[in-house]
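Asks: coordinates only, no sequence provided:
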């Protein structure tokens, strides 16, 4: 079973089951996970689903594409080396992904 663990900026964590093919953002919204605003609904036109991916999980993700990279420069909280937009991270079979949400998305 696939799952995503969301940790907020205070350190509180919540693990939720995830459907293969859905995005990490869709999974958060569907499960009421705080810290993911998702203003654009996943159309890659905002940066309100910014997350910091656990360093151990980064190598298991596809490379960031140019548009996502550009959008991250407009994130409310400064981007880091492990920053990604959760709308661009698809859940895969057996996925066990850990992400942290920034203190603010807007």
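Replies: Happy to help now that I have it. Since the structure is predicted, the reported quantities are computational estimates derived from the model, not experimental observations.
Asks: and the strands in the protein?
Replies: Under the criterion DSSP state E, the chain contains strands at 2-7, 13-18, 50-53, 83-85, 96-100.
Asks: the fourth one pairs with which strands?
Replies: Strands adjacent to strand 83-85 in the sheet, as given by DSSP bridges, are strand 50-53 (antiparallel).
Asks: what sits up against the partner strand?
Replies: The list of residues contacting strand 50-53 from outside it, by CB atoms under 8 Å, 6 or more residues apart in numbering, reads 6, 24, 36, 61, 72, 75-77, 79-80, 82-86, 89, 97-102, 105. Where C-beta positions appear, they are placed from N, C-alpha and C, glycine not excepted.
Asks: of those residues, just the buried ones, PyMOL syntax please.
Replies: Buried residues within those, by 16 or more other CB atoms under 10 Å, are selected in PyMOL with:
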select buried, resi 6+24+36+61+72+75+79+83+84+85+86+89+97+98+99+100+101+102+105
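Asks: tell me the predicted confidence for residue 103.
Replies: Looking at residue 103, its pLDDT reads 97.
Asks: typed the wrong thing, it's residue 1
Replies: 87.
Asks: that one reaches residue 15, doesn't it?
Replies: No - assessed by CB atoms under 8 Å, residue 1 is found out of contact with residue 15, at 10.9 Å.
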